[in-house]
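1. test case, fold it:
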Amino acid sequence: MIPRLTPDKPALRSWLPGFVLLAAIWGSSFLFIKIGVRELHPLYVTLGRAATGAATLLVVLAVLRDRLPRDPRLWLHLSVVAAFGVAVPFTLFGYGEERIPSLLAGIWNATTPLVALPMAVLVFRTERLTVRRAVGLGLGFVGVLVVLGVWQGLGGATFTGQLLCFGAAACYGFSIPYQKRFVAGRAESGLSLSAAQLLIATAQLAVVAPLIAGAPPAPTGLSVDVLASVLALGAFGTGLAFVINLRNIRKIGASAASTVTYLIPVFAVLVGAVVLGETLTWHQPVGASIVLLGVAVSQGFPRRRRPGVRDAGPSAAPPTPDPTRRPPATGARVEQPARPGR
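-> From the prediction side, this is the model:
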């Protein structure tokens, strides 16, 4: 991809508040999941989240006078992304948080790039494996072993919960390069594609949830905090967060915007500790630090940049156009961001 020239670096105050707000929203999502699964089956937490997020993005689409995709083949690809980027990982995090603290689930979310890169290299062939990336992956997986505390022996509900959360991150690791390979080159806006994904995920979950979890409970039988948590997950953690992410990418570029990954575990740990009184053992934050170091190395941070050139960014977050802009008339393919599911 040809790097894009940017004449001026945006002022810190123009993007930093949105950047920190996005990390806070996504980091807090694990708290809301933890509260939601107290009274709801994980599948119904995910269904409520997806439906609320879809409704939020449809409202934004209407305000911006954008529209949903029209190509049937694109909807088929979006069905795969919706399953492995929304429905399955959201549900796995719910199952996982029935067994482990929310702050530990937030740490496992940071392992997504460790799966995305091998998938992009070996399966979809959208990336090349360099020495630096290999070293980063090695560091990351050492960090995973430290988070697990493998020297203590493995097993029990806590270990199962951690594997479920790692499975959720692995789903993201599959969906991101899949989206880059089959969806990212489309002319539709990122907002349009994400709204379509959430609509499909809502339909998938509406079919699967009753078959696995039985009939949904009556909303009147749920506590206010559970209802509020599910609505917050959808409206803020899924809908509003994506709009903020688009703005960050336009302001500072995809590469810089993707570093929000490093702040999400910090907020997840802080919120879990302050609100729920959760704690970590020493090796979990140490392992998380090693994971984040491995992710940073594999993504090429820190990197030297030529003056006036903005990096196009890693595969997990390719550059995006303004969602209000019409598709190019020349037939040029425009890449959209892979939405980081949380």
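2. quick one, strands of the stretch 151-300 of the chain?
-> Across the stretch 151-300 of the chain, reading from the start of the chain, there are no strands by DSSP state E, counting those that start in this stretch.
3. low pLDDT regions in this structure?
-> 1-9, 153, 254-255, 302-342 (pLDDT under 70).
4. what ranges does it have for its helices?
-> Secondary structure of the chain, counting by DSSP state H: helices at 12-36, 42-64, 72-82, 88-97, 102-109, 112-118, 131-148, 156-182, 190-213, 224-234, 241-252, 254-257, 264-276, 283-298.
5. relative to F124, which of those is closest?
-> The minimum distance between F124 and these falls on helix 156-182, with 4.4 Å, by CB to CB. (Each C-beta comes from the backbone N, C-alpha and C, glycine too.)
6. just want the angle from that closest one to helix 12-36.
-> What separates the directions of helix 156-182 and helix 12-36 is an angle of 130 degrees, with axes from the mean of the first three to the mean of the last three CA atoms, to 10 degrees.
7. ok, and the closest non-adjacent residue to L22?
-> The spatial neighbour of L22 that comes closest, neighbours along the chain excluded (CB to CB, 6 or more residues apart in numbering), is I244 at 4.7 Å.
8. look at that neighbour and say how many residues are nearby.
-> Using other CB atoms under 10 Å, I244 has 20 neighbouring residues.
9. L22 now?
-> When counting by other CB under 10 Å, one arrives at 25 neighbours for L22.
10. ok, and what's touching stretch 71-79?
-> Here stretch 71-79 makes contact (CB atoms under 8 Å, 6 or more residues apart in numbering) with 69, 178, 182-183, 186, 188, 193, 196-197, 200, 204.
11. quick check: buried residues in that stretch?
-> Judged by neighbour count (16 or more other CB atoms under 10 Å), stretch 71-79 contains these buried residues: 74-75, 77-79.
12. dump these to CSV, plus distance to L270.
-> CSV is the format used below for the buried residues of stretch 71-79 (distance: CB to CB, whole Å):
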residue, distance to L270
L74, 39
W75, 39
H77, 37
L78, 34
S79, 36
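13. out of those residues, which is nearest to G106?
-> For G106, the closest of the buried residues of stretch 71-79 turns out to be L78, at 26.9 Å, with distances computed as CB to CB.
14. most neighbours, which of the contacts of stretch 71-79?
-> Counting by other CB under 10 Å, Q197 has the largest number of neighbours within these, with 30 neighbours.
15. can you name the residues that contact the nearest residue to it once chain neighbours are set aside?
-> Taking CB to CB, 6+ apart, and ignoring the residues beside it in sequence, Q197 has A82 as its nearest neighbour in space, at 4.6 Å. Neighbouring residues of A82 by CB under 8 Å, 6+ apart: 197-198, 200-201, 204.
16. let's see it at 7 Å
-> Shown here is A82, whose contacts under the criterion CB atoms under 7 Å, 6 or more residues apart in numbering are 197, 200-201, 204.
17. also P10?
-> With contacts defined as CB under 7 Å, 6+ apart, the neighbours of P10 are 251-252.
18. how far away is R67 from I200?
-> Applying CB to CB, to the nearest Å, the value for R67 to I200 is 16 Å.
19. enumerate the positions of stretch 261-275 that are buried.
-> Going by 16+ other CB under 10 Å, stretch 261-275 has these buried residues: 261, 263-272.
20. swap in stretch 183-192?
-> Residues 183-184, 186-192 are the ones in stretch 183-192 that count as buried (16+ other CB under 10 Å).
21. end-to-end on it?
-> Between the start and the finish of stretch 183-192 there is a gap of 12 Å, counting by CA to CA, to the nearest Å.
22. same deal with stretch 176-188?
-> End-to-end distance of stretch 176-188: 17 Å, with CA to CA as the criterion.
23. for P217, grab phi and psi.
-> P217 has phi and psi values of phi -70, psi 160 when expressed as degrees, to the nearest 10.
24. for it, give me its contacts.
-> By CB under 7 Å, 6+ apart, the contact list for P217 reads L40.
25. swap in I290?
-> Going by CB under 7 Å, 6+ apart, the list of residues near I290 reads 139, 142-143, 146.
26. one more time with 10 Å, if that's ok
-> With contact taken as CB atoms under 10 Å, 6 or more residues apart in numbering, I290 is in contact with 139-147.
27. of the residues you listed - the most surrounded one?
-> Ranked by neighbours (other CB under 10 Å), the contacts of I290 are led by V147, which has 26 neighbours.
28. what's the separation between it and W108?
-> Counting by CB to CB, the separation of V147 from W108 is 7 Å.
29. residues contacting P69?
-> P69 makes contacts with 75, 77-78, 183, 186-189, 192-193, 195-196, as judged by CB under 10 Å, 6+ apart.
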